[in-house]
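>>> Predicted structure and sequence below. I'll ask about it afterward.
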Amino acid sequence: MSRTPKVPAYRLHKPSGQAVVTIRTVSGARRDVYLGVYNSSASRAEYGRLIAELATAPALDRPTGPAGPRVTVDEIVLAFWRFAEGHYRGPDGKPTDELREIKQSVLHSSSETQSC
């Protein structure tokens, strides 16, 4: 029998004067989310938005079957490389040394793995 999840409480974080709510992540860990000044309309609105988001995504909290498709290390590296190509650029648009270093690291670790 599954238990009904409780609605996380809106409460005061005394040291900061902010509103805070504690939620559970997919892995079951607890995480505090700060919402803004306690009892303000903005923090109440953010609390409502967060609760609505949690309520409309119950499948994230309880896996119903086997995990989705597996992602390979190569796919992760490729996705990071695509990000890095756009991120590590100077003001002139040219690639920075950081991009070159990342490329060398990936190529070096790839050649080590293949020789094992």
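Nice, I can see it.

>>> ok, and the closest non-adjacent residue to the residue most central in space within the chain?
Against the mean C-alpha coordinate of the chain, by CA atoms, centre = their mean, the closest residue is Thr25 at 10.2 Å. Leaving aside its sequence neighbours, Thr25 sits nearest to Arg31 (CB to CB, 6 or more residues apart in numbering; 5.6 Å). For every residue, glycine as well, the C-beta is placed using N, CA and C.

>>> helix or strand for that neighbour, which one?
Using DSSP states H and E, Arg31 maps to strand 30-37.

>>> Check which residues of that strand are buried.
Neighbour-count burial for strand 30-37, counted by 16 or more other CB atoms under 10 Å, picks out 35-36.

>>> Mind listing residues that contact that strand?
10, 13, 16-25, 42-43, 46-47, 50 (CB atoms under 8 Å, 6 or more residues apart in numbering).

>>> pull the CA atoms of it into PDB?
Extracted C-alpha coordinates of strand 30-37, given in PDB (Å, rounded to 0.1, in the frame of the first residue of the first chain):
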ATOM      1  CA  ARG A  30      16.200  16.300   1.600                       C
ATOM      2  CA  ARG A  31      16.900  19.800   0.100                       C
ATOM      3  CA  ASP A  32      15.900  23.200   1.400                       C
ATOM      4  CA  VAL A  33      14.500  25.700  -1.100                       C
ATOM      5  CA  TYR A  34      14.500  29.300  -0.100                       C
ATOM      6  CA  LEU A  35      11.600  31.300  -1.400                       C
ATOM      7  CA  GLY A  36      12.300  34.900  -0.500                       C
ATOM      8  CA  VAL A  37      11.200  37.200   2.400                       C
END
